[in-house]
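*Asks:* structure for the following, please:
(one chain, ligands or ions: 1)
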Amino acid sequence: MSVASSKADRRMTAIERAVDVLISSRGHAGPPRLERACALLRRQSPLHWVERPGVRPFWAVTRYADVGSIETRSREFAAGPRTYLASEMSEAVLQRVTGKPQLVRSLTEMDPPDHSAYRAITQGAFSPTALRDMEAWLSRWSADIIDRAAARGDACDFAADVALPFTFRVIGRMLGTPESDDARLARLAQAFVSAEDPRRRLAEAPGDTMRMAMLALRDYFEAVIADRRAAPREDLATRIAHARPHDQAMPHYELISYFILLVTAGHDTTALALAGGLEALLAAPDQFARLRAEPALLDSAIEEMLRWTSPVRHFMRTALCDTEVAGQPIREGEALALFFHSANRDETMFENAGTFRIDRSPNPHIAFGRGPHICMGLQLARMQMRALFAELLQRTKRIELAGRVRRVESPFMSGVSALPVRISFCAPRRSAIA
Ligand code: HEM
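*Replies:* Coordinates of the predicted model:
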């Protein structure tokens, strides 16, 4: 073998190893390894054709410019039918159980004309104007959740005891589900999107976990739909239960899927951004001290937390025609996985991309995606992060890490699922939430 060809072989092997890190459920469990893998791919093979046993082939897209370009070229790249990476085996199980190629069919799986008709059902509730009414409640709820943490003493798991219940109540309140159901619904929603995580699964096999979570969520929301059809209320559940996209009743599968999308997308992402944001501040004490000294930097700190954590690892698109991306020909029918975390660490877009800087400006991160599928809850997520961090900064003197940080194991979600901290509280308790 010539020296040149053995060098090329070694390069290919390094790239293939990087792809393994990028796509495996545990890939995001070791951040330095992940950063190295993404950097190598962006540099040497930014559109990389991936062939792995048991997974249908696809392009791994890791550069900011390419992810953004594909997201906005929705006439050439469809959201369905392949929305996220799944093994051929789980795709086959799914087909047998649901008769469909996907676990759910909601906004993330839809293309025109369904996508806009279905998005219009709830989009108004997430507009800045509609959300303005929530601001005062969110601030009281932030105070209350910090009170609850303080009442337990100085030690807590910020991810499980604060971020998760905090974000779940927000979407639960909008949907109209009672707080007493939050813990159970959150558990089901998390098992559904991160079935590979041993701490989140409901059964040994990820496929069984997904099926169990899906059936339990279906039963729960069938009861909610029946209730709201009989007795409408001022909540999102009523809006969805009565919706008539294209002037027709919503099919049952899409109806249940709508609830499952909101209950999953609506809390775990923001909880991971909150916990990962606090972890980043703890790992950069100079940044934390500056934020305490200059609270006016909170908005830019939150954008940096979103860039830094990128809780949604990827979404997929499928080429609708023969086309190209950055000079790379893409054939009709080929699938592309868009890796948001890698795009948000792209050195050609972000100066010192590997450094967490609360004053980064501009910060055009792509954590919420882009184009017609851009996150519908992005303003809500920002509001929640602002409210909780404002309260945390005001009510605490010091926060320090007090145990092992754990990360979600999932090919789809990424971030901190356990963040044990010790908190010194300063201000007296406020009155409980109304
Ligand atoms: C930090 C928090 C969040 C992050 C990082 C995040 C991220 C994302 C991403 C990457 C997408 C796909 C975008 C694309 O394909 O271009 C998305 C879609 C979506 N998100 Fe979020 N999200 C967050 C919070 C929320 C919240 C609080 C809600 C509230 C319900 C929400 C609801 C949705 C919905 C409904 C979609 C589907 C939009 C569509 O396909 O038209 N998200 N989100």
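*Asks:* quick one, what contacts the closest residue to the ligand within the stretch 51-200 of the chain?
*Replies:* When scored by Cβ to the nearest ligand atom, the stretch 51-200 of the chain has residue 107 as its residue closest to the ligand, at 3.6 Å. For every residue, glycine as well, the C-beta is placed using N, CA and C. Neighbouring residues of residue 107 by Cβ atoms under 8 Å, 6 or more residues apart in numbering: 115, 118-119, 258, 261, 373, 376.
*Asks:* so residue 329 sits in a strand?
*Replies:* Yes - assignment of residue 329 by DSSP: H, G, I helix; E, B strand; the rest coil places it within a strand.
*Asks:* ok, and the closest non-adjacent residue to it?
*Replies:* The shortest distance from residue 329 to any non-neighbouring residue, by Cβ to Cβ, 6 or more residues apart in numbering, is to residue 322 (7.2 Å).
*Asks:* ok, that neighbour - how many residues close by?
*Replies:* The tally of other residues near residue 322 (other Cβ atoms under 10 Å) stands at 12.
*Asks:* show me which positions of the longest helix seen in the chain end up buried.
*Replies:* Counting by DSSP state H, the longest helix found in the chain is helix 206-230. For helix 206-230, burial by neighbour count (16 or more other Cβ atoms under 10 Å) applies to 206-207, 209-214, 216-218, 220-221, 224-225, 228.
*Asks:* circling back: gap between the residue of the stretch 51-200 of the chain closest to the ligand and residue 126?
*Replies:* Counting by Cβ to Cβ, to the nearest Å, the separation of residue 107 from residue 126 is 12 Å.
*Asks:* now list whatever residues contact both of these two.
*Replies:* Here residue 107 and residue 126 have residue 376 as joint contacts, going by Cβ under 8 Å, 6+ apart.
*Asks:* for stretch 381-401, which positions count as buried?
*Replies:* Of the residues in stretch 381-401, those buried (16+ other Cβ under 10 Å) are 381-393, 395-396, 399.
*Asks:* for this protein, which residues are neighbours of the ligand?
*Replies:* Within the chain, the positions lying close to the ligand (Cβ under 6 Å from any ligand atom) are 71, 107-108, 119, 171, 261-262, 265-266, 269-270, 273, 306, 311-312, 315, 340, 367-371, 373-377, 380-381.
*Asks:* please pick the buried ones from these.
*Replies:* Buried among the residues of the chain next to the ligand by 16+ other Cβ under 10 Å: 71, 107-108, 119, 171, 261-262, 265-266, 269-270, 273, 306, 311-312, 315, 340, 367-370, 373, 375-377, 380-381.
*Asks:* what about the strands in the stretch 301-434 of the chain?
*Replies:* 314-319, 323-325, 328-330, 335-339, 396-401, 406-407, 416-418, 420-425 (DSSP state E, counting those that start in this stretch).
*Asks:* of the ones you listed, which is nearest residue 150?
*Replies:* The closest of the strands of the stretch 301-434 of the chain to residue 150 is strand 420-425. By Cβ to Cβ, the value is 4.8 Å.
*Asks:* partner strands of the closest one, with direction?
*Replies:* Strand 420-425 pairs in its sheet with strand 155-157 (antiparallel), strand 396-401 (antiparallel), by DSSP bridges.
*Asks:* can you list the residues that contact it?
*Replies:* Strand 420-425 is contacted from outside by 146, 149-150, 154-158, 278, 282, 395-405, using Cβ under 8 Å, 6+ apart.
*Asks:* swap in 7 Å and give it another go.
*Replies:* Strand 420-425 has contacts (Cβ atoms under 7 Å, 6 or more residues apart in numbering) with 149-150, 154-158, 395-403.
*Asks:* next, give me the two most distant ones among the residues you listed.
*Replies:* Among the contacts of strand 420-425, 395 and 403 lie farthest apart (Cβ to Cβ), at 21.5 Å.
*Asks:* can you put the strands paired with strand 420-425 in TSV and add mean pLDDT and distance to residue 85?
*Replies:* As requested, the strands paired with strand 420-425 are exported to TSV (pLDDT from 0 to 100; distance: least, Cβ to Cβ, whole Å):
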stretch	mean pLDDT	distance to residue 85
strand 155-157	96	29
strand 396-401	96	32
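*Asks:* could I get the ones you listed as JSON lines with distance to residue 239?
*Replies:* Compiled in JSON lines, these are given as follows (distance: least, Cβ to Cβ, whole Å):
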{"stretch": "strand 155-157", "distance to residue 239": "34"}
{"stretch": "strand 396-401", "distance to residue 239": "38"}
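*Asks:* how about the strands in the stretch 51-200 of the chain?
*Replies:* With DSSP E, counting those that start in this stretch as the criterion, the stretch 51-200 of the chain has strands spanning 55-61, 77-78, 155-157.
*Asks:* deepest-packed of the ones you listed, please.
*Replies:* strand 77-78 (a mean of 22; mean count of other Cβ atoms under 10 Å).
*Asks:* re earlier: filter the contacts of residue 107 down to the ones in helices?
*Replies:* The members of these that map onto helices under DSSP H are 115, 118-119, 258, 261.
*Asks:* closest one of those to residue 363?
*Replies:* Top of the list for closeness to residue 363, among these and by Cβ to Cβ, is residue 119 at 26.0 Å.
*Asks:* for that closest one, which non-adjacent residue is closest in space?
*Replies:* Residue 119 sits nearest to residue 107 (Cβ to Cβ, 6+ apart), 5.6 Å away.
*Asks:* returning to that earlier point: any idea of the pLDDT on the residue of the stretch 51-200 of the chain closest to the ligand?
*Replies:* Predicted confidence (pLDDT) for residue 107: 96.
*Asks:* please renumber the chain so that the first residue is 15 from this point on.
*Replies:* New numbering, starting at 15: the last item is residue 121.
*Asks:* quick one: it from residue 182, how far?
*Replies:* In this view, residue 121 and residue 182 are 20 Å apart by Cβ to Cβ.
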